[in-house]
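Q: everything below, folded, please.
(chains A and B)
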Amino acid sequence: MPEIFINGVPVEAREGATVLETALEHGFYIPYFCWHKNLSVAGNCRLCMVEVEAESGGWMDIACNMPATKGLRVLTDSDKVKARRKTMLELVLKNHPVDCGVCDKAGECMLQDYHYAYNGAPSVSTVPKVRATKFHELSQRILLDNERCVLCSRCVRFTREISKSHALGIVDRGDHSLVRCDELRSLDDDPYADNVVDICPVGALLSRSFLYKSRVWYLDATPSVCPGCARGCNVDLWHRKREWKLNALDPRHNACIERVTPRENAEVNGPWICNTGRDLAKFLERPRALVPMQKGREADLTAAVAAARALIDAAKHPVALVSSWGSNEELAAFKAALGTRFRTLVKPDRLAEPGERIEDDILIRADKNPNTRAAVELFGDAPVALDEGTDLVLVWGDGFDFARLPRHAKTILLGAFVAPENGHADVFFPVSVQSERAGHYTNFEGKVSAFSPCFPRPPRVVDAETLFARLGTPVAARSGAAA
Amino acid sequence: MPGRQLLMTFPVTATSHTLADYRGRGGYGTLQKVLAEMKPEQVTKEVAASGILGHGGAAFPAGRKWQVVHLDDGQPHYLCANADEGEPGTFKDRWILENAPHLLVESMAIAAYALQVRNAFVYIRGEFDLPYRRLAGAIDEAYDAGLLGERIMGTGFSLDLVAHRGAGSYVCGEASGLLTSLEGRKGYPRNRPPRLTVRGLYQRPTVVNNVETLSNLAGIIAMGAEEFKKIGTAKSPGTQLVSISGHVVRPGVYELEFGYPVARFVYEDCGGVLGGGKLKCIVPGGISTKVLTAAEIEPVTYDHASFQKAGSGLGSGGMIVIAEGTCMVRLLQVMLRFYHHESCGQCTPCREGMGWMHQIIDRIVAGDGRPGDIDRLIEISEANDGTTICGMGDAAGYATVGILAKYRDEFEHYVLHKRSRFDGRLEVPLHA
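A: Model prediction:
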């Protein structure tokens, strides 16, 4: 462990670490654009310049490419370093449009932050800025504003080193360099492409689904887990802050997922997620089932519970199909309350859609459900097969083909979304979705991740966990208590 | 001729570049001697002992570069000749490639043997047509004669030499940009560390030397390091090919022994300024070196120490003679247009700075200069000093600061009066 000195303070550097990494790990901040801890070193923004003190006179070099060798003495905020940083930012801003007022990145833009922290002065340039393409369509999901681009090459390196699609490159040279799609490849074929929007230090790469949707300072991020596959990537669900509630305009904006970004977890997904995860709103914001029903007729929750209870009590061969989208808590509650009463099978709620990438060695897993592992640990991995003797089927969640229902079986259905089957079930319970409750998922490797609620549960919707407890309480016990 | 000669030792004829003529001058004898009698380490030692400095511009000792490569590290090594001669005013390597391509091939074979290289490359400037044809012809001849390829001259040493044409980028003349381009990627220079002799072409130890540096090797081995050191000065042994152009009576490529007086070279050997005019200044070694005024070159001799003392450098040996009456503002405009056009755009200071400087100088020349412009040019130059990945940012800065420091009054005059101090075109007769 080589010891180096940062601003005179001795710190232990990891073996093979650079000065920039060491500084950041020990709480010395050095600004940077092009450096990213998961990507190779490009060293092109020249913003992380530090001063090296040496007996033979010092020199300046970039910290991101400087090995932390024993006894190295660097200064991260000497006058020289500050002057260099200011100059570099001046140069970066020379051709930057400074259109923060209409830029989606404003509020979380590195250039904006650095300008306030290290420059703060108006532009010194008196010559016209270089004009470049605005709203260049990189893919169906991503727009590129070349004027805002600082050519840090993070996006290019991402497609080369992480997603391996090699879809992006830089064409032309000098101050008319442009990030462009490879002529023979398409960014649309890269299922991880949207990560480039996150790693873009400025507002050059724009998500078309988030474009002009909201200023980021009106949003809050709630930690969650992507249910799109068995990887269970940790994500942030961005939604409008309560104090910035919209009273006019479309009130739906107050309770919708504005965007989904990765939440870094080195053990699960690193700092990345796939495009499917970005479209989480597509799963969670389908039309919701909002009222309990008995054979298609709206019912009171208490009456529905009693009816379901009666069905359970009467059944001779009841089968439960539990959801692989249920949280660990819900699955445990089911096991505790009803596990002995039902023959329980684990049902995959979602299968890959046409065109969706099945599996790769980056993140995406073939099992498109978040909690199959925990469900299988509790209930085994017997295939979903219903014999003719089955007289009651409890279906929890999506993905069951009702054509396979035994002819005389009664059904209890727990669903979150509007579906034709809801009206045919003997008893139907609307249950909450992931963004309305807390819980945990266990991914395919056994790593447990937590998710938190960000929206209130609609009034007549129940959490599956409490519902199971109510269904598991014997009718006799309840009537006895009432008596 | 100015001083002793090492390279321009034969009369150039229609066939002097062929293998037959080269053999007639004793060609490939040194290679034979090296393969038969010397060990690789001995060759490197000899080159290091000769003290030869790189002739491409940076003047780094070639031997020291070679010694970084460990012959027993179990990796392939590569050798690459930098024939991407793109520095404005420089055309000396072109002379070697056109007239003595076999000298380069033989010297590269010797260098490859010393560095235990199996595959060597010549990265040749894309615009070089005749030089490329001559070089490609020489390589073909050498293959046919068994001087390249498998088991050269019946020994255990094999070498393949490939001439690769560039696509017209100045930055690809920088060693790491050259290798990146050779790998088939966009010619972006790379950050150091690692040095190219540690991880260069295809991430393997690679030695990149200038064509002229390499071409000197055959001579160094033939005469021995001791003899070689007797030519030139103590700190700059040997000779330098100088390509001289501009307002000079006899432009062309000359071989100068290090230590030769520059004034004598310009005024006597090259015939002085066209039309008997007065000398204003010279660009000593490609436009990336600082200009020296007529008065400044008087005491200077052609070697590294003397030029450093005068506040400039030998650079790539591309000397440009500038006559009295030349407008330095418009000269700088030409230079900055070049740097702007050639900036690869990888790192911030050069990418943004070159365009900015070009815009400012264009505005001054258009008669729209502002009082702060000259200081801004200096500030941008300083912002490029030592902050860029390769040396191009620094080079543009040196050129600009060099001219501004010595001819600031011309710039101020231009900004104030919106016109050049030197009106009209410079009248220089084409013939003396």
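
Q: which residue ranges of the stretch 351-483 of chain A form helices?
A: A:372-379, A:464-472, A:475-482 (DSSP state H, counting those that start in this stretch).

Q: and what of the stretch 101-250 of chain A?
A: Under DSSP H, counting those that start in this stretch, the stretch 101-250 of chain A gives helices at A:110-114, A:154-157, A:195-199.

Q: from the chain's centroid, how far away is the shortest one?
A: Relative to the mean C-alpha coordinate of its chain, helix A:154-157 is positioned 20 Å out (Cα atoms, centre = their mean, to the nearest Å).

Q: thought residue B:29 was touching residue B:219?
A: No. At 11.6 Å, residue B:29 and residue B:219 do not qualify as touching, with contact defined as Cβ atoms under 8 Å. From N, CA and C alone the C-beta is placed, and that goes for glycine too.

Q: between the two, who's got more neighbours?
A: Taking neighbours as other Cβ atoms under 10 Å in any protein chain shown, residue B:29 and residue B:219 compare with residue B:219 leading, 21 against 13.

Q: secondary structure class for that one?
A: helix (DSSP: H, G, I helix; E, B strand; the rest coil).

Q: make CSV from the helices of the stretch 101-250 of chain A and add distance to chain B, mean pLDDT and mean neighbour count to it.
A: Shown next, in CSV, are those (distance: least, Cβ to the nearest Cβ, whole Å; pLDDT from 0 to 100; neighbours: other Cβ atoms under 10 Å in any protein chain shown):
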stretch, distance to chain B, mean pLDDT, mean neighbour count
helix A:110-114, 12, 97, 19
helix A:154-157, 10, 97, 23
helix A:195-199, 18, 97, 23
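
Q: interface residues of chain B facing chain A?
A: Residues of chain B lying close to chain A (Cβ under 8 Å from any Cβ of the partner chain) are B:169, B:171, B:186, B:191-193, B:340-349, B:351-356, B:359-360, B:363, B:370, B:372, B:376, B:379-380, B:383, B:386-389.

Q: do you know the pLDDT at residue B:354?
A: On the pLDDT scale, residue B:354 is placed at 97.

Q: wait, a helix at it?
A: Yes. Applying three-state DSSP, one finds residue B:354 inside a helix.

Q: residue B:308 sits in which helix or strand?
A: helix B:304-309 (DSSP states H and E).

Q: let me redo that: residue B:176
A: Here residue B:176, judged by DSSP H and E, is contained in helix B:175-182.

Q: just give me how far that helix sits from the chain centre.
A: How far helix B:175-182 lies from its chain's middle: 16 Å, per Cα atoms, centre = their mean.

Q: same check, this time on stretch B:125-143
A: Remark: stretch B:125-143 is offset 19 Å from the chain centroid, using Cα atoms, centre = their mean.

Q: what comes into contact with that stretch?
A: B:17-19, B:83-86, B:93-94, B:97-99, B:101-102, B:104-105, B:122, B:124, B:148-149, B:161, B:163, B:165-168, B:173 (Cβ atoms under 8 Å, 6 or more residues apart in numbering or on different chains).

Q: now the buried members of these.
A: B:17-19, B:83-86, B:93-94, B:97-99, B:101-102, B:104-105, B:122, B:124, B:148, B:161, B:163, B:165-166, B:173 (16 or more other Cβ atoms under 10 Å in any protein chain shown).

Q: distance of the nearest residue to residue B:226 once chain neighbours are set aside from residue B:222?
A: Distances taken as Cβ to Cβ, 6 or more residues apart in numbering or on different chains put residue B:49 closest to residue B:226, at 7.8 Å, once the chain neighbours are dropped. Applying Cβ to Cβ, to the nearest Å, the value for residue B:49 to residue B:222 is 14 Å.

Q: before we move on, back to that, would you confirm that the residue nearest to residue B:226 contacts residue B:227?
A: No. Residue B:49 lies out of contact with residue B:227 (Cβ under 8 Å); the separation is 11.1 Å.
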